[in-house]
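J.: Sequence and predicted model, in that order:
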Amino acid sequence: MEKVKLGIVGLGRLGRNHAENIHYKITNAELTAVCSAVQDEVDSVMAEMRPKYGTTDYMDLFKDKELDGIVIASNSAFHCQMVCDAAEAGVKNIYCEKPLGMTLEEIDLMKKAVETNDINIFQIGYNRRFDKSLQVMKKKIDEGFIGKPVLIKLMNRDPSWEADHIIKFSPTSGGLVFDMLTHDYDCARWLIGSDAETVYGMGDVFAYDGLAAVNDIDNCTISLGFENGVMGFMETTRNSAYGYHVEVEVFGTEGSVRMGTTPNRDRVVSMDKNGVNTECVQWFFEFWEPTFKAELQHFADCIQNNTKPVVGFIDGYKAVKWAFAAKEAVDKRKVVKIK
Ligand code: NAI
């Protein structure tokens, strides 16, 4: 079978990783074209992976009829423009990083562009759906192992040493609730099979004054009421002094399924005069590494077999809608109903 020819826009922190996965690890796909606004990034990938061509103009990729699909890994602020341009240029298969868009107007514009231009496959980058442990949890919940789901609890902690990066990117990322918690929200609605109906939250700046200056926060808790009656609780921070840490638990009438205890980096236990020590996972790339390959493998497989992705446009759309409600709930410390 012919390889799926993919073009990628954005070769930064995540885009470069996507390009490497496509080139080195996804055997039924070919990295055919690459694009970045930064010429050095294009040159570096061209030299190492030798795709057919590299460009700084993303329209070159969108007009290229040889490409079977486009991966968009640009900054979030450009997702809307790029998805709309791709749809109008006739691209039929799109993978787009989260969040789908930065405003409610943007996601409605994108919805219109995707629907009117008859997009075949649209996959959104909620990579947790491809995590093997979470998939096992999902299966057990669906099979009734925990009985009737009662409560979902999600913890999401970024390491404190990434603070400078977070402060720099906060004005364009959308901030803690928008950028970080939409992963947890998508994960929650997927695991329990229901959308949230109400959201309440509180949060503040505890550690980084630089975030206050850009109207962002570094710690937050959220309470959720889901349409199917399940209760939800999220806690998140940008200030975990010991490392990256994610946990998810779904508790039900007959038991519980849980991912994550202490976030050990490996199985090594070191002992010296200071005591017994294990190293902690450092950053999200390390923790979720297999999922980044798996989600692009899924995109290539969907194109090859003409099947729909497990996480699509509507999931990205709902996550952004939820994020606006959650942000309002946190900003005003009130219960917000999600329309
Ligand atoms: P980055 O700033 O490191 O890279 C952005 C890339 O987009 C750069 O290569 C830049 O040249 C390119 N770009 C921007 N405008 C362009 C244009 N007009 N034409 C061509 N290229 C353009 O950003 P990063 O951290 O890689 O994030 C990219 C996206 O991935 C964001 O939407 C972010 O939310 C998402 N992301 C998702 C993660 C996940 O866990 N699923 C983790 C990290 C990022």
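T.: Everything's here; your move. Quick caveat: nothing in here was measured; it's all calculated off a predicted structure.
J.: Leaving out chain neighbours, which residue sits closest to Leu61?
T.: Nearest residue to Leu61 in three dimensions, chain neighbours excluded: Gly7, at 4.0 Å (Cβ to Cβ, 6 or more residues apart in numbering). Where C-beta positions appear, they are placed from N, C-alpha and C, glycine not excepted.
J.: Point me to the helix or strand that includes that neighbour.
T.: When secondary structure is defined by DSSP states H and E, Gly7 falls within strand 4-9.
J.: What is the neighbour count of Arg50?
T.: Applying other Cβ atoms under 10 Å, we find 10 other residues in the vicinity of Arg50.
J.: and the gap between it and Leu6?
T.: Applying Cβ to Cβ, to the nearest Å, one obtains 14 Å for the distance of Arg50 from Leu6.
J.: Residue of the protein nearest the ligand, please.
T.: Going by Cβ to the nearest ligand atom, the ligand is nearest to Gly12 of the chain, at 1.9 Å.
J.: quick one: that residue from Val34, how far?
T.: In this structure, Gly12 lies at 12 Å from Val34, with Cβ to Cβ as the measure.
J.: For stretch 234-253, give the mean pLDDT please.
T.: Across stretch 234-253, pLDDT averages out at 97.
J.: Longest helix in this protein, please.
T.: Ranked by residue count under DSSP state H, the longest helix found in the chain is helix 284-305.
J.: What helices and strands are in contact with that helix?
T.: In terms of contacts (3 or more Cβ pairs under 8 Å, 6 or more residues apart in numbering; DSSP states H and E), helix 284-305 is packed against strand 4-9, helix 13-20, strand 29-35, strand 69-72, strand 93-96, strand 121-124.
J.: Report the strands that pair with the third one, each with its relative direction.
T.: This points to strand 29-35. Based on DSSP bridges, the pairing partners of strand 29-35 within the sheet are strand 4-9 (parallel), strand 53-55 (parallel).
J.: Close to the ligand: what parts of the chain are there?
T.: Residues of the chain lying close to the ligand by Cβ under 6 Å from any ligand atom are 9-15, 35-38, 41, 58, 73-76, 78, 97-98, 125, 127, 284.
J.: State the pLDDT value of Lys339.
T.: 80.
J.: Kindly report the same for Thr262.
T.: The confidence metric pLDDT takes the value 86 at Thr262.
J.: list the contacts for it?
T.: With contacts taken as Cβ atoms under 8 Å, 6 or more residues apart in numbering, Thr262 has the following neighbours: 278, 280.
J.: That one: what secondary structure?
T.: When states are read from DSSP: H, G, I helix; E, B strand; the rest coil, the local structure at Thr262 comes out as coil.
J.: how near is it to Asp60?
T.: If you measure Thr262 against Asp60 using Cβ to Cβ, the figure is 48 Å.
J.: do the same with Cys35
T.: Using Cβ to Cβ, which is the criterion applied here, Cys35 is 7 Å from Asp60.
J.: who's in contact with Met82?
T.: The neighbourhood of Met82, defined by Cβ under 8 Å, 6+ apart, consists of 9, 58, 72, 74, 96.
J.: For burial, what's the neighbour tally of the fourth one?
T.: Which is Ser74. Counted with other Cβ under 10 Å, the burial measure for Ser74 works out to 22 neighbours.
J.: Buried residues, stretch 134-151. List them.
T.: When burial is assessed from 16 or more other Cβ atoms under 10 Å, stretch 134-151 yields the following buried residues: 134-135, 137-138, 140-141, 146, 149.
J.: and the two most separated of those?
T.: The span of the buried residues of stretch 134-151, defined through Cβ to Cβ, is set by Gln135 and Pro149 at 16.5 Å.
J.: residue with max distance from the center of the chain?
T.: When distances to the mean C-alpha position of the chain are computed (Cα atoms, centre = their mean), the maximum falls on Lys273, with 41.1 Å.
J.: ok, now how distant is that residue from Tyr242?
T.: Here the criterion is Cβ to Cβ. By it, Lys273 lies 20 Å from Tyr242.
J.: For the chain, which segments count as helices?
T.: Under DSSP H, the chain gives helices at 13-20, 39-49, 58-62, 79-89, 104-116, 132-142, 163-173, 175, 181-192, 209-213, 284-305, 313-332.
J.: and those as TSV, adding mean pLDDT?
T.: Formatted as TSV, the helices of the chain follow (pLDDT from 0 to 100):
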stretch	mean pLDDT
helix 13-20	97
helix 39-49	98
helix 58-62	98
helix 79-89	98
helix 104-116	97
helix 132-142	98
helix 163-173	90
helix 175	94
helix 181-192	97
helix 209-213	92
helix 284-305	97
helix 313-332	97
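J.: Cheers, nothing more for now.
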